[in-house]
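Trainee: Got a sequence here, can you build the structure:
(one chain, ligands or ions: 1)
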Amino acid sequence: MPITEQSFHSSSLSDAFLTLIRLSGIELSAEVSNKLILKGMDVRQLHQRCERFGLICQRSLSALGKLPETAFPCLLQMKGKRFVVALAARQGELQILDKQSQPVWIKETVLSNHFSGVCYSIQKAGEPDVQRPVTASGWLKKEVTQLWANYAQVILATLLINCLTLAVPIFTHFVFDKVLPNYATETLVAVTIGIGLVILADFVLRWLRSFYIDDACRHISRQAELQLIDSLLRQEAYQVNRSPARLAQQAQGFSRVKEALSSSILLTALDIPFFILFTAVIGLIGGPLMWVPIAVAAVLIPASIINYRLTRKRSSVATTAQTEKNACLHELTQGLETIRAMGAGQSLLSRWRVLVNSSNRHDFSHRRVGSVLNAFVISASQIVVVATLVIGVFLIQSGLLAPGSLFACIILGSRAVAPLMNLTQLLSRINLSRQALRQLEPLFANSGVARSEAENPETTRQRLYHLIPSVEFKDLSFRYPSDNQDTLNGINLSISAGERVAIVGASGSGKTTLIRLLSGDLIPDSGRMSVSGHDLAGLNLADVRQHLSVLHQQPFVFSGTVRSNLLLGNASANTAELDRACFITGLDQWVSRCRKGYEHPIGECGSNLSGGQKQALCLSRTLLHNGSLLVLDEPTSAMDNLSEAQFCQRLPDYLGEDQTLLLVTHRASLLQLVDRIIVLAHGRVVADGARDEILKKMQAVRTS
Ligand SMILES: Nc1ncnc2c1ncn2[C@@H]1O[C@H](COP(=O)(O)OP(=O)(O)OP(=O)(O)O)[C@@H](O)[C@H]1O
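Mentor: Numbers count the residues shown, from 1 in each chain. Sure thing, here's the model as predicted:
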């Protein structure tokens with residue numbers, strides 16, 4: 001019976017879940033609620049999404065009258081994917097929310113016909129989100145385990161389908177040996193109706209089976225895409241930049257894993273054990289004929305395993321070769337102008353040729369092994385038919401077998417070896433997926449617990465609603481994993497709120513690394529960093545970033561419009577605020593020349609902007625973010641002298657009195673913006689003091 005609005009009010013999962021969060025006394029910011037609750041979300045996502053945002057979702061199975069008091073408030077799952085918010089229970093009645101979100105008492109009997117027997121309650125997790133899977137295989141296992149109900153149904157359907165498959169050979173056997181000799185037409189009609197029903201049931205079961213598998217795949221695929229972006233966002237930025245080609249390959253890995261769980265491959269795996277069933281039935285009907293599929297299996301199974309072992313190593317080398325090719329292609333496209341300018345086309349071409357040859361060699365040697373076995377696999381099915389027929393003829397001659405039984409054995413024999421014929425393909429897919437999972441491991445490992453916990457706005461890390469822009473570095477050291485010496489070594493610095501400080505030093509002295517550490521993009525190896533008097537390691541990074549405006553050395557512009565790029569700094573900024581920020585950086589002059597003004601379109605990675613325009617746009621975006629701690633890494637390196645002079649003149653008026661400025665620069669002209677200079681050399685602080693004093697010392701060093 002459909003749920004009628006007259007009897008009680010039910011709503012979609014997302015709406016009901018939002019109400020439940022409110023009723024459970026859990027306060028979430030609008031931003032977190034938007035991320036947590038997705039329109040059209042599925043109950044299977046509920047547990048995982050809650051876990052991710054620091055909530056515990058309890059699913060329980062219960063009759064309406066047996067819900068404990070502690071279960072309320074809860075969501076009652078109705079038939080037809082609708083949900084009712086229940087607040088309390090009393091003798092034979094439940095208190096639920098009506099259409100106007102008002103509590104009403106309703107008889108249990110009204111609900112019980114529609115109740116699916118499942119209810120959900122939520123509470124805030126006491127512990128931080130440390131359950132995030134840190135291995136790719138762990139992630140996959142978790143996803144598949146959550147879908148156990150789907151897979152259980154698929155296994156059950158497979159069992160029934162394989163049992164029903166026996167019906168056709170038995171029918172053949174019966175018609176040939178019993179119906180045909182006696183011309184028993186009535187019996188034929190009866191068994192034909194029976195087999196018709198079996199075929200229908202088989203059709204329905206097969207359809208249901210692919211439906212459940214597709215459903216599970218769709219879920220895993222969706223989760224895979226989310227997981228990919230989630231992991232990427234938690235990556236160290238320098239890792240992502242180091243090899244975009246490898247990253248693209250890792251992203252492809254997700255689709256391979258998805259494919260491995262696709263219907264055809266999974267069904268092949270599930271059908272393999274039924275080889276034993278079909279062979280046993282051949283034994284029952286055709287006696288010695290059962291040795292034919294057994295003999296074929298005895299060759300096919302070891303051959304497939306040997307092929308798997310051989311290709312496993314080769315395909316891993318082929319993948320590495322492919323990654324190198326992708327990396328070269330990426331560099332080629334990115335550095336096209338430089339290649340032309342340097343006249344390096346020929347040398348790049350020969351590098352490309354070497355990589356293509358190596359990739360092809362590995363690729364083809366890997367395929368060659370597989371193609372020999374594939375040819376054998378096709379012959380195997382023919383061998384089964386021919387061998388069964390030949391041996392069957394002798395058995396019929398000696399009166400040990402009826403012709404109908406021979407037909408049945410041929411059908412059963414082909415059916416028995418069919419899944420084994422796909423074994424090679426199955427093992428090769430498993431191989432590719434294993435490789436893909438292995439490639440995905442760094443993505444998961446780098447997005448480990450520390451970062452995930454720090455970035456998650458709902459962890460128990462200390463919240464920071466107000467930031468005093470003071471910074472302290474104590475014995476801070478850091479080394480990039482690929483380097484063999486410390487990039488920063490024992491840095492001790494203290495910067496007070498409202499200070500204007502420049503960090504200077506030769507190229508490679510560690511200035512940018514210090515900024516990356518401060519903005520939480522890198523985690524120090526030892527020592528401590530404090531912001532606003534709190535250890536950064538214990539602070540919620542999402543909060544810190546609200547108060548921190550950082551301009552990185554490499555300006556990055558996203559496709560969209562000038563406005564959309566500026567608003568990344570502050571989504572609620574109005575046009576007057578945009579005008580003000582653009583005036584400081586000089587971007588206003590260019591914007592005023594654009595016919596569409598702030599709506600001027602921007603190509604991928606800012607491909608239609610000059611270097612100076614990109615920098616000014618990024619600088620304006622950083623100013624709009626208006627954090628109390630402003631960190632600018634080479635803010636004017638791409639600007640002309642006039643624009644730089646204007647920027648130096650205008651910035652002081654834009655800065656608030658308590659706003660701290662941390663400037664990394666090589667340009668002497670920018671030093672007028674600061675009162676203090678810190679000099680870094682080889683990862684250490686070598687001078688720190690008032691601007692004029694340090695400038696004098698630097699001058700003295702230069703002249704001596
Ligand atoms: N992603 C990275 N992986 C490995 N080493 C790196 C990485 N980025 C920087 N380094 C190394 O760390 C050292 C410090 O680099 P950093 O970018 O902090 O210097 P910098 O003082 O900002 O230089 P510049 O003034 O040229 O910008 C350099 O020796 C550099 O080779």
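
Trainee: which parts of the helix or strand hosting Ile276 are buried?
Mentor: For Ile276, the element it lies in under DSSP states H and E is helix 274-286. Judged by neighbour count (16 or more other C-beta atoms under 10 Å), helix 274-286 contains these buried residues: 274-275, 277-279, 281-283, 285-286. C-betas here are computed from N, CA, C, even on glycine.

Trainee: Equivalent analysis for stretch 511-524, please.
Mentor: 511-522, 524.

Trainee: Then stretch 534-541?
Mentor: Per 16+ other C-beta under 10 Å, stretch 534-541 contains these buried residues: 536, 539-541.

Trainee: any idea of the mean pLDDT for stretch 47-63?
Mentor: If you average the pLDDT over stretch 47-63, you get 72.

Trainee: What of stretch 586-597?
Mentor: For stretch 586-597, the mean confidence score works out to 93.

Trainee: any residues touching that stretch, and which ones?
Mentor: Contact partners of stretch 586-597, identified using C-beta atoms under 8 Å, 6 or more residues apart in numbering, comprise 561-562, 579, 582, 598, 600, 613, 616-617, 619-620, 639, 643, 646-647.

Trainee: ok, now stretch 544-553?
Mentor: Looking at stretch 544-553 with C-beta under 8 Å, 6+ apart, the contacting residues turn out to be 464, 467, 469, 512, 515, 518-520, 531, 536, 569, 618-619, 622-623, 625-635, 637, 664.

Trainee: picking that back up, mind listing which of the buried residues of stretch 534-541 are in helices?
Mentor: Leu541 (DSSP state H).

Trainee: By mean pLDDT, point me to the weakest helix or strand of the protein.
Mentor: helix 449-455 (a mean of 47; mean pLDDT, DSSP states H and E).

Trainee: Output the very next helix or strand once past that helix in PDB with nothing but the alpha carbons.
Mentor: Next along the chain after helix 449-455, taking DSSP H and E as the criterion, comes strand 471-478. The C-alpha atoms that make up strand 471-478 are tabulated as PDB, following Å, rounded to 0.1, in the frame of the first residue of the first chain:
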ATOM      1  CA  VAL A 471      53.900  33.600  14.900                       C
ATOM      2  CA  GLU A 472      56.600  31.600  16.700                       C
ATOM      3  CA  PHE A 473      59.000  29.000  15.300                       C
ATOM      4  CA  LYS A 474      61.000  27.000  17.800                       C
ATOM      5  CA  ASP A 475      63.900  24.800  16.800                       C
ATOM      6  CA  LEU A 476      62.000  24.100  13.500                       C
ATOM      7  CA  SER A 477      63.600  21.700  11.100                       C
ATOM      8  CA  PHE A 478      62.400  20.200   7.800                       C
END
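
Trainee: which stretches of the stretch 51-200 of the chain form strands?
Mentor: 55-61, 74-78, 82-90, 93-97, 103-107, 115-124 (DSSP state E, counting those that start in this stretch).

Trainee: Okay, now the sheet partners of the second one, with direction.
Mentor: What that stands for is strand 74-78. Take DSSP bridges as the rule and strand 74-78 pairs in its sheet with strand 82-90 (antiparallel), strand 115-124 (antiparallel).

Trainee: Per-residue pLDDT of the residue of the chain positioned farthest from its centre, please?
Mentor: Distance from the C-alpha centroid of the chain peaks at Asn182, with 65.2 Å (C-alpha atoms, centre = their mean). Per-residue pLDDT puts Asn182 at 78.

Trainee: re the thing from before, show me the contacts of stretch 544-553 that map onto helices.
Mentor: 512, 515, 518, 618-619, 622-623, 625.

Trainee: any chance of the residues you listed in JSON lines, with distance to the ligand and pLDDT too?
Mentor: Below are these laid out as JSON lines (distance: C-beta to the nearest ligand atom, whole Å; pLDDT from 0 to 100):
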{"residue": "Thr512", "distance to the ligand": "3", "pLDDT": "93"}
{"residue": "Ile515", "distance to the ligand": "8", "pLDDT": "92"}
{"residue": "Leu518", "distance to the ligand": "12", "pLDDT": "89"}
{"residue": "Cys618", "distance to the ligand": "16", "pLDDT": "94"}
{"residue": "Leu619", "distance to the ligand": "17", "pLDDT": "94"}
{"residue": "Thr622", "distance to the ligand": "17", "pLDDT": "94"}
{"residue": "Leu623", "distance to the ligand": "21", "pLDDT": "94"}
{"residue": "His625", "distance to the ligand": "21", "pLDDT": "89"}
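
Trainee: where do the helices sit along the stretch 101-250 of the chain?
Mentor: 108-112, 136-146, 148-165, 167-174, 180-182, 185-233, 237-242, 244-260 (DSSP state H, counting those that start in this stretch).

Trainee: Mind putting these into TSV with distance to Met421?
Mentor: As requested, those are exported to TSV (distance: least, C-beta to C-beta, whole Å):
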stretch	distance to Met421
helix 108-112	51
helix 136-146	26
helix 148-165	16
helix 167-174	18
helix 180-182	32
helix 185-233	19
helix 237-242	43
helix 244-260	19
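
Trainee: Nearest to the ligand, out of those?
Mentor: helix 237-242 (3.5 Å; C-beta to the nearest ligand atom).
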